[in-house]
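Trainee: test case, fold it:
(2 chains)
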Amino acid sequence: MKSRSEATREGASFRDPSGFVFYHGGTPHRQINEFYRVDYRQLMDSGLYQELVEARLLVPHEEVDLAAPMQELAYQVIRPEPIAFLSYPYEWCFGQLKDAALLTLKVQELALGRDMSLKDASAFNVQFQHGRPILIDTLSFERLKPGEPWIAYRQFCQHFLAPLALMARSDIRLGQWSRLAVDGVPLDLASRLLPWRTRLSFAMQVHIHLHARAQRRYAGEVVTKRRGGRAMSKQALLGLVSSLRSAVRALTWHPAGTAWADYAETHSYSDSSLAAKRAAVEEYLDRIQAKTVWDLGANTGEFSRLASRRGALTLAFDYDHGAVELNYRQVKKESEANLLPLVQDLTNPSPGVGWSSRERRSLMERGPADAVMALALIHHLAIANNVPLELVAGFLAALGRWLIVEFVPKQDPQVKRLLANREDIFGRYDRQGFEQDFARHFRIIDVRPLPDSDRCMYLMEALPQ
Amino acid sequence: MSGLNMYLDPGSGSYLLQLLIASLLGGLLLLRMYWAKVKGFFRKLFGRPIDEEPE
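Mentor: From the prediction side, this is the model:
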């Protein structure tokens, strides 16, 4: 047993008096408090835990004999299966958020079957593990209280239904709202932003529009005085789950007309140049044997798959929602366990948000990876966003040890397009300037010009900081 | 509200709305279940496979 001073508490784990997450020897553990004992026992003894874990809906855990960091409150310490990479709802594409919503409803349905109920329906309680969503909060179950409505109904609507509806019915970019509103999209805002025709759908009318009105109407009221003997039967609770599920299922979004969704067909490579690029990436990957790879500007994941199929846990970041959506659909179709597509704007990566800015970690805090891939990306950062090459190099060096990078020079049609309507203020933007600036942060191991183009592939290793 | 182990405020409106529509939700679920049975019956009758409810 280790002393309590070695445990560090997770910054996102403080709201629930049932327990909290802490790190011991780098792995997450969860202290369960006396306060939660009876609910925890029902989760474990009713068969619900086993049912959820067997269906891969809830993260499995082991009970461990380890000194609890807050002994005076503790009942038990558990060690859940660690999540390979923590991602957040504002980084998920539409399909990922929808799957996380359906997972939450499935869990609630099964919980009701065992006389339990979810007391949280936070989208942050879901993570993607082995390509699929999974509930990570073992302490979100409580014993069903006869007659009581679903405590987490508001949270479900704010975290899942409202953002999904906004993305599907108004604009896909509204998914970014969950980055601003840590407890989900306020329903009055969603109700105002959604088009009028959403009122014609029974589920949308009730769960968003009427729900927003009820919140306004009864704000601050003591509910015991207003309930007038009404009760919520289990049948009604199941009906609520069923109604929310059909509302979620009815929301769909198909990528069309977004920036890169048809990129694979239109980019400016000849077949031989593409084959050479592929061969270079494969050879570099075989050489470095990375366990984690971050593919920046991954588009639909064509090159990410070279890494994930070699067994590396690969994150495929792109700022285009459509590309991430298409990538995720392929992950689902092929049951790919090692690839996680995420929406990320590298010119404004996810910051630390929430309480003390530590509740949800910044992208940089979730690194570094063993290797970073930046293919057909540099010109977007250096030219479209005016970032000096040396700063680009510093940024990439902070993200991982190895770097597989493609340099796209000014002669290239893609860069010409970026410069077509603006002054060329990029005097240093050529191969020589690129190599000089990157050499301040990296050791250049290999250079390979691609045939039929002016592009070049590089393998680099970050210099010790 | 029982106040028992309720660490998030469910919101008065969210709470009361559910109570107001409780019987409607329960009734709709029953209808949906019967409808699924009717569909299943006809599917079987015509020898078509029953499509599983996706997760």
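Trainee: C-alpha from now on. contacts and neighbour counts both.
Mentor: OK.
Trainee: just checking, which helix or strand of chain A averages the lowest pLDDT?
Mentor: helix A:263-266 (a mean of 52; mean pLDDT, DSSP states H and E).
Trainee: the helix or strand following that one packs against which elements?
Mentor: The C-terminal neighbour of helix A:263-266 among helices and strands, as given by DSSP states H and E, is helix A:271-288. With contacts taken as 3 or more C-alpha pairs under 8 Å, 6 or more residues apart in numbering or on different chains; DSSP states H and E, helix A:271-288 sits against helix A:304-308, strand A:400-407, strand A:456-462.
Trainee: now with 7 Å, please.
Mentor: Counting contacts by 3 or more C-alpha pairs under 7 Å, 6 or more residues apart in numbering or on different chains; DSSP states H and E, helix A:271-288 is packed against no other helix or strand.
Trainee: what does chain B put close to chain A?
Mentor: Within chain B, the positions lying close to chain A (C-alpha under 7 Å from any C-alpha of the partner chain) are B:1, B:7, B:10, B:12-19, B:22-23, B:25-26, B:28-29, B:55.
Trainee: let's see 8 Å
Mentor: Proximity of chain B to chain A (C-alpha under 8 Å from any C-alpha of the partner chain) is limited to residues B:1, B:6-20, B:22-29, B:55.
Trainee: could I get the pLDDT score of residue 10?
Mentor: Picking chain A for this. Looking at A:E10, its pLDDT is 82.
Trainee: oops, I was thinking of chain B
Mentor: We have a pLDDT of 74 for B:P10.
Trainee: check contacts around it.
Mentor: Applying C-alpha atoms under 8 Å, 6 or more residues apart in numbering or on different chains to B:P10 gives the contacts A:151-155.
Trainee: what about the residue of the stretch 301-450 of chain A found nearest chain B, neighbour count?
Mentor: Closest residue of the stretch 301-450 of chain A to chain B, C-alpha to the nearest C-alpha: A:K332 (13.1 Å). When neighbours are counted by other C-alpha atoms under 10 Å in any protein chain shown, A:K332 registers 14.
Trainee: so it touches A:G131, yeah?
Mentor: Yes: counting by C-alpha atoms under 8 Å, A:G131 is a contact partner of A:K332 at 7.1 Å.
Trainee: and the spatially closest residue to A:F128 that is not a sequence neighbour, how far from A:L238?
Mentor: Leaving aside its chain neighbours, A:F128 sits nearest to A:I134 (6.1 Å; criterion: C-alpha to C-alpha, 6 or more residues apart in numbering or on different chains). Distance from A:I134 to A:L238, counting by C-alpha to C-alpha, to the nearest Å: 21 Å.
Trainee: of those two, who's got more company?
Mentor: More crowded of A:I134 and A:L238, by other C-alpha under 10 Å: A:I134, with 26 against 21.
Trainee: buried subset of the residues of chain B next to chain A, written for PyMOL?
Mentor: The following PyMOL line selects those of these that are buried, judged by 16 or more other C-alpha atoms under 10 Å in any protein chain shown:
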select buried, chain B and resi 10+11+12+13+14+15+16+17+18+19+22+23+25+26+28+29
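Trainee: now intersect the residues of chain B next to chain A with the helices, please.
Mentor: B:12-20, B:22-29 (DSSP state H).
Trainee: quickly list what A:P28 is bridged to.
Mentor: Using DSSP bridges, the beta-bridge partners of A:P28 come out as A:Y23.
Trainee: got the contact list for it?
Mentor: Residues counted as contacts of A:P28 (C-alpha under 8 Å, 6+ apart) are A:21-22, A:79-80, A:82.
Trainee: now do 7 Å
Mentor: Residues in contact with A:P28 (C-alpha atoms under 7 Å, 6 or more residues apart in numbering or on different chains) are A:21-22, A:79, A:82.
Trainee: same question, A:T198
Mentor: A:204-205.
Trainee: tell me the secondary structure for it?
Mentor: helix (DSSP: H, G, I helix; E, B strand; the rest coil).
Trainee: I'd like the distance between it and chain B.
Mentor: 19 Å (C-alpha to the nearest C-alpha, to the nearest Å).
Trainee: can I assume A:Q127 sits in a strand?
Mentor: Yes: if the criterion is three-state DSSP, then A:Q127 is within a strand.
Trainee: is it bridged to anything, and to what?
Mentor: A:I134.
Trainee: could you check how far it is from A:Y88?
Mentor: 8 Å.
Trainee: what about the two, which has more around it?
Mentor: For A:Q127 versus A:Y88, the count of surrounding residues by other C-alpha under 10 Å is larger for A:Q127: 24 against 21.
Trainee: what's the spacing between that one and chain B?
Mentor: In terms of C-alpha to the nearest C-alpha, A:Q127 sits 17 Å off from chain B.
Trainee: right, and that residue touches A:L103 too?
Mentor: No: with contacts counted by C-alpha atoms under 7 Å, A:Q127 stays clear of A:L103, the gap being 10.7 Å.
Trainee: buried residues in stretch A:206-226, which are they?
Mentor: A:206-215, A:218, A:223.
Trainee: what about A:L391, neighbour count?
Mentor: For A:L391, using other C-alpha under 10 Å, the count is 15.
Trainee: what do you get for A:Q71?
Mentor: A:Q71, neighbours per other C-alpha under 10 Å, totals 12.
Trainee: wait, is it part of a helix?
Mentor: No: if the criterion is three-state DSSP, then A:Q71 is coil and not within a helix.
Trainee: next, it: phi, psi?
Mentor: phi -50, psi -40 (degrees, to the nearest 10).
Trainee: and the one 3 residues further on, by the same measure?
Mentor: Backbone geometry at A:A74, expressed as degrees, to the nearest 10, gives phi -80, psi 150.
Trainee: if it is in a bridge, with which residues?
Mentor: According to DSSP bridges, the residues that bridge with A:A74 are A:N33.
Trainee: so what's it up against?
Mentor: A:31-34, A:68.
Trainee: pull the number of nearby residues for the nearest residue to A:Q411 once chain neighbours are set aside.
Mentor: Nearest residue to A:Q411 in three dimensions, chain neighbours excluded: A:D454, at 7.0 Å (C-alpha to C-alpha, 6+ apart). For A:D454, the neighbour count with other C-alpha under 10 Å is 15.
Trainee: so A:D454 is in contact with A:P409, correct?
Mentor: Yes: counting by C-alpha under 7 Å, A:P409 is a contact partner of A:D454 at 6.5 Å.
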